[in-house]
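1. A structural model of the following input is requested.
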Amino acid sequence: MDGAVPSEILPAAEKVFGDRLPTAIRFAELLVTDGVVRGLIGPREAPRIWERHLLNCAVVADLIPSGASVVDVGSGAGLPGMVLAVARPDLAVTLVEPLARRTAFLSEAVTALGLERTTVVRARAEECVGKVPLADVVTARAVAPLDKLAGWCLPLTAVGGHLLAMKGASAAAEVAEHAEVLTRLGAGTASVRTCGDAVLAEPTTVVDVVREREVARPRKAGGRRGR
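-> Below you'll find the model as predicted:
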């Protein structure tokens with residue numbers, strides 16, 4: 001299997017990635033070969049890597065300002081962080097991932113694709129506070145419920161910056177359910193946005209949380225937490 005774009009979605013891929021499409025195809029090749037062999041992508045996901053993963057992630061770039069710094073929490077196989085770095089070489093992207101086999105893959109992919117402004121950090125999100133510069137944008141995909149995710153991600157977000165959490169049909173319900181927690185964590189406005197409406201059959205749903213203020217960090221409890 002190679003990383004070629006299926007003909008039926010090639011126009012969408014060309015529109016989303018533009019002149020970065022060859023690099024995106026190379027990343028797709030890495031995902032459907034090494035990514036599958038190393039257990040980062042399920043074999044059944046490989047045939048739909050473009051529709052369900054690459055395009056789904058790339059359209060989130062529409063919400064990110066030019067030249068922004070981005071921290072991607074729980075990067076896994078690089079979704080969405082690596083995809084954003086491929087689509088937007090103007091971004092300074094830090095991929096945060098605790099598992100060694102995943103960070104090894106990400107580091108190799110960064111080198112293979114020549115992503116000079118992308119850094120891989122092996123750590124959980126909470127371990128990065130005070131060690132990784134605060135970012136304009138923090139991204140996450142399928143990591144955790146919104147309250148936990150905000151607890152891990154907002155301390156990595158600059159005041160005035162955004163947490164962009166890729167979510168599914170539960171997005172609006174999560175915003176309503178966890179509104180009080182978000183406020184306690186220093187969040188201001190939280191809204192549900194869609195990306196890729198003009199190019200995707202199923203647009204990507206994103207919860208956009210603005211960090212409004214700093215709050216005191218709670219003392220650590222016992223046990224492992226975060227990503």
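2. Remind me what the longest strand anywhere in the chain packs against, helices and strands.
-> Counting by DSSP state E, the longest strand found in the chain is strand 157-167. The contact analysis (3 or more CB pairs under 8 Å, 6 or more residues apart in numbering; DSSP states H and E) places strand 157-167 against strand 135-141, helix 146-153, strand 204-211. All C-beta atoms are positioned from the backbone trio N, CA, C, and that covers glycine.
3. now, of these, which is deepest in the fold?
-> Mean neighbours per residue, mean count of other CB atoms under 10 Å, is largest over the helices and strands packed on strand 157-167 for strand 135-141, with a mean of 25.
4. Residues contacting it, please?
-> 57, 60, 63-65, 68-74, 76, 79-81, 84, 94, 149, 153-154, 156-158, 161-166, 227 (CB atoms under 8 Å, 6 or more residues apart in numbering).
5. Do you have the strands of this structure handy? List them.
-> Counting by DSSP E, the strands of the chain are 69-73, 92-97, 118-122, 135-141, 157-167, 187-195, 204-211.
6. would CSV of those strands with mean pLDDT be doable?
-> Below are the strands of the chain laid out as CSV (pLDDT from 0 to 100):
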stretch, mean pLDDT
strand 69-73, 98
strand 92-97, 98
strand 118-122, 98
strand 135-141, 97
strand 157-167, 97
strand 187-195, 94
strand 204-211, 97
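7. looking at those, which is closest to Gly35?
-> strand 92-97 (13.4 Å; CB to CB).
8. need the longest helix for this structure.
-> helix 100-113 (DSSP state H).
9. Counting by contacts, list what it packs against.
-> Under the contact definition 3+ CB pairs under 8 Å, 6+ apart, helix 100-113 sits against helix 21-30, helix 81-87, strand 92-97, strand 118-122.
10. center of the protein - which residue?
-> The residue lying closest to the centre of the chain (CA atoms, centre = their mean) is Pro80, at 3.3 Å.
11. so who does Pro145 touch?
-> Here Pro145 is in contact with Glu174, His178 (CB under 8 Å, 6+ apart).
12. can you rerun that using 10 Å?
-> If a contact means CB atoms under 10 Å, 6 or more residues apart in numbering, then Pro145 has Ala165, Lys167, Ser170, Glu174, Glu177, His178, Val181 as its contacts.
13. same question, Gly35
-> By CB under 10 Å, 6+ apart, Gly35 lies in contact with 27-29, 41-42, 45-46, 49, 76-78, 102, 105, 109.
14. and what of Glu51?
-> Glu51 touches Val5, Pro6, Glu8, Ile9, Ala12, Ala13, Leu200, Ala201, Glu202, counting by CB under 10 Å, 6+ apart.
15. thinking again about what came up before, need the strands of the chain in TSV (columns: distance to Cys128).
-> Below are these laid out as TSV (distance: least, CB to CB, whole Å):
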stretch	distance to Cys128
strand 69-73	7
strand 92-97	6
strand 118-122	6
strand 135-141	10
strand 157-167	11
strand 187-195	19
strand 204-211	15
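16. right, so those strands: which one is the most enclosed?
-> By mean count of other CB under 10 Å, those have strand 69-73 as the most buried, with a mean of 27.
17. So which elements touch that strand?
-> Here strand 69-73 touches helix 81-87, strand 92-97, strand 118-122, strand 135-141, helix 146-153, strand 157-167, going by 3 or more CB pairs under 10 Å, 6 or more residues apart in numbering; DSSP states H and E.
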